[in-house]
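> Have a look; sequence and predicted model below, questions after that.
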Amino acid sequence: MVEVTAAEAKAQGLPPIGLRVDPGDAPLSLLKFPEPDKYLIASGPPGGPLLVIVWETDQRESNVAAVESAVRKNFAQTWQQPLVIGEAGTLQIAGAARPALAFMTGESLRKTAWCGVVMSGPSASVFVTFGRATREVAATPCAEVMTEPSLAAFARTFALLPRGP
């Protein structure tokens, strides 16, 4: 299990929001604060992209427009292109169905199918993205991205923490 407290996030220069995840036996390596704009990255074993990234976001609404805005902001690097926006859907995360967006990035061995969701906490929001290797030519629907057991375990156990004192 990994927990990020609001105080830890604030000390790292991120909005003060806490989170917890316990993906159990899923073969994910969890790393807190790997980059200035990220709370957490979970990555799978070698062999192709298998990632969960929890980003800071200025989006406050949990709707598809907010998710698309976060996608376009955070997946604009040259090596992530082309960015292909897919279908809107829902993602079961932290015990609730939330608006989600499927998208795809990269080419060749970097091609990744993603599902993203914005989750609002008491004082800030996070942008959570789930990605796995793909050979598809169009963005894979979120329901299909989430059939990967490690990603499903992460989503099932992910939670935002109530704001502390």
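All right, it came through fine.

> who does the helix or strand harbouring residue 42 pair up with?
Assigned by DSSP states H and E, residue 42 belongs to strand 38-43. Sheet pairing for strand 38-43, assigned by DSSP bridges, gives strand 29-32 (antiparallel), strand 50-57 (antiparallel).

> Same question for it: list its buried residues.
Judged by neighbour count using 16 or more other CB atoms under 10 Å, the buried positions of strand 38-43 are 38, 39, 40, 41, 42, 43. For glycine as for every other residue, the C-beta is placed from the backbone atoms N, C-alpha and C.

> again, but for stretch 64-72
Result for stretch 64-72 [16+ other CB under 10 Å]: buried residues 64, 66, 67, 68, 69, 70, 71.

> Residue 121: which of those residues is nearest?
residue 66 (14.0 Å; CB to CB).

> Hmm, the closest one is touching residue 118, no?
Yes - using CB atoms under 8 Å, residue 66 is in contact with residue 118, at 4.8 Å.

> which neighbours do the two share?
Shared contacts of residue 66 and residue 118 (CB atoms under 8 Å, 6 or more residues apart in numbering): 57, 59.

> Other residues contacting stretch 152-165?
Contacts of stretch 152-165 (CB under 8 Å, 6+ apart): 3, 5-7, 16-26, 28, 42, 52, 91-95, 119, 121-123, 126, 128, 130, 146.

> Can you say which of the residues you listed are buried?
If you count burial by 16+ other CB under 10 Å, the buried members of the contacts of stretch 152-165 come out as 6, 16-19, 21, 23, 26, 28, 42, 52, 91-94, 119, 121, 126, 128, 130, 146.

> Put the alpha carbons of stretch 58-78 into PDB.
Provided in PDB are the C-alpha atoms of stretch 58-78 (Å, rounded to 0.1, in the frame of the first residue of the first chain):
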ATOM      1  CA  ASP A  58      -6.400  22.600 -12.300                       C
ATOM      2  CA  GLN A  59      -9.600  21.000 -13.500                       C
ATOM      3  CA  ARG A  60     -12.300  21.000 -10.700                       C
ATOM      4  CA  GLU A  61     -15.200  19.300 -12.400                       C
ATOM      5  CA  SER A  62     -15.500  15.600 -12.900                       C
ATOM      6  CA  ASN A  63     -16.900  15.600 -16.500                       C
ATOM      7  CA  VAL A  64     -15.600  14.600 -19.900                       C
ATOM      8  CA  ALA A  65     -14.700  18.200 -20.900                       C
ATOM      9  CA  ALA A  66     -12.500  18.500 -17.900                       C
ATOM     10  CA  VAL A  67     -10.800  15.200 -18.600                       C
ATOM     11  CA  GLU A  68     -10.200  16.100 -22.200                       C
ATOM     12  CA  SER A  69      -8.700  19.400 -21.200                       C
ATOM     13  CA  ALA A  70      -6.300  17.600 -18.700                       C
ATOM     14  CA  VAL A  71      -5.400  15.000 -21.500                       C
ATOM     15  CA  ARG A  72      -4.500  17.700 -24.000                       C
ATOM     16  CA  LYS A  73      -2.400  19.600 -21.400                       C
ATOM     17  CA  ASN A  74      -0.500  16.600 -20.000                       C
ATOM     18  CA  PHE A  75       0.000  14.600 -23.200                       C
ATOM     19  CA  ALA A  76       1.400  17.300 -25.400                       C
ATOM     20  CA  GLN A  77       5.000  16.100 -25.600                       C
ATOM     21  CA  THR A  78       6.500  15.300 -29.000                       C
END
